[in-house]
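# I need the structure of the sequence given here:
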Amino acid sequence: MNIEKPKDGQECVWDYPRPPLLVRSSRTVRVKFEGVQIASSSTGYRVLETSHPPSWYIPLQDVRSEFLIPTKKTSFCEWKGTAKYWTVSVGQNSVENVAWSYESPNPRFVEIRGFLAFYPNVLECYVDEERVKPQPGGFYGGWITSDLVGPFKGVPGSHGW
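Numbers count the residues shown, from 1 in each chain. The predicted model follows:
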């Protein structure tokens, strides 16, 4: 594995800690589906974890809840706790389990209670005005921007990272 060296203004995801760190951000993040803005915020959090591009968490008050439908899916994160999932639906189009939240996160992540994260592989997600690329592999929800270098967990052969 070749870890990329960051240029000025870039972060290397291999410099992120494990266990992950929760960092407040004032950057503007937006989420769109079918041309409709689902969320926009400059008061979110980034979760920074070794080898992962950040997952962005947006406060519920900055999300248009009329486009969200809770699902029965849950998952467990050893750091954050149990996540519940949401479908995003606009008109006749919807994508299941494309957003998640932690209603009772572990104490270290209590600040993201009432925040939602979104998968950028099926939604249009932006940091400032840059459209993000999804974290490889489809399992993780990291947002890759031009100010990050990797390699990123999720590429073939990265299961044991």
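# now for the spatially most central residue of the chain: which residues touch it?
Nearest residue to the geometric centre of the chain (C-alpha atoms, centre = their mean): S55, 2.7 Å. Neighbouring residues of S55 by C-beta atoms under 8 Å, 6 or more residues apart in numbering: R46, V47, A117, Y140, G141, G142, W143. C-beta here means a position set from N, CA and C on the backbone, and glycine is covered the same way.
# any idea how far Y126 is from the fourth one?
Translated: Y140. Distance of Y140 to Y126, given as C-beta to C-beta, to the nearest Å: 19 Å.
# repeat that for the first one.
In this structure, R46 lies at 14 Å from Y126, with C-beta to C-beta as the measure.
# the second one too?
Here the criterion is C-beta to C-beta. By it, V47 lies 18 Å from Y126.
# between those two, who's got more neighbours?
Set V47 next to Y126 and count neighbours by other C-beta atoms under 10 Å: V47 wins out with 22 against 19.
# ok but the more buried one is inside a strand, no?
Yes: according to DSSP: H, G, I helix; E, B strand; the rest coil, V47 belongs to a strand.
# that one touches R18, doesn't it?
No: with contact defined as C-beta atoms under 8 Å, V47 does not count as touching R18 (11.5 Å).
# how deep is G157 tucked in, by neighbour count?
8.
# taking the contacts of S55, tell me the two that lie furthest apart.
R46 and Y140 (13.8 Å; C-beta to C-beta).
# looking at those two, which is more packed in?
R46 (21 against 18).
# around the nearest residue to the more buried one once chain neighbours are set aside, how many other residues sit close by?
Distances taken as C-beta to C-beta, 6 or more residues apart in numbering put P54 closest to R46, at 3.9 Å, once the chain neighbours are dropped. Neighbour count for P54, taken as other C-beta under 10 Å: 28.
# so R108 sits against L21, correct?
No: the pair R108 / L21 is not scored as a contact, 9.3 Å apart, by C-beta under 8 Å.
# the more surrounded of the two?
Between R108 and L21, counting by other C-beta under 10 Å, L21 is the more crowded of the two (16 against 13).
# who's in contact with that one?
So L21 contacts V47, L48, E49 (C-beta under 8 Å, 6+ apart).
# which of the residues you listed lies closest to K7?
L48 (18.6 Å).
# next one: that closest one, what pLDDT does it get?
Per-residue pLDDT puts L48 at 98.
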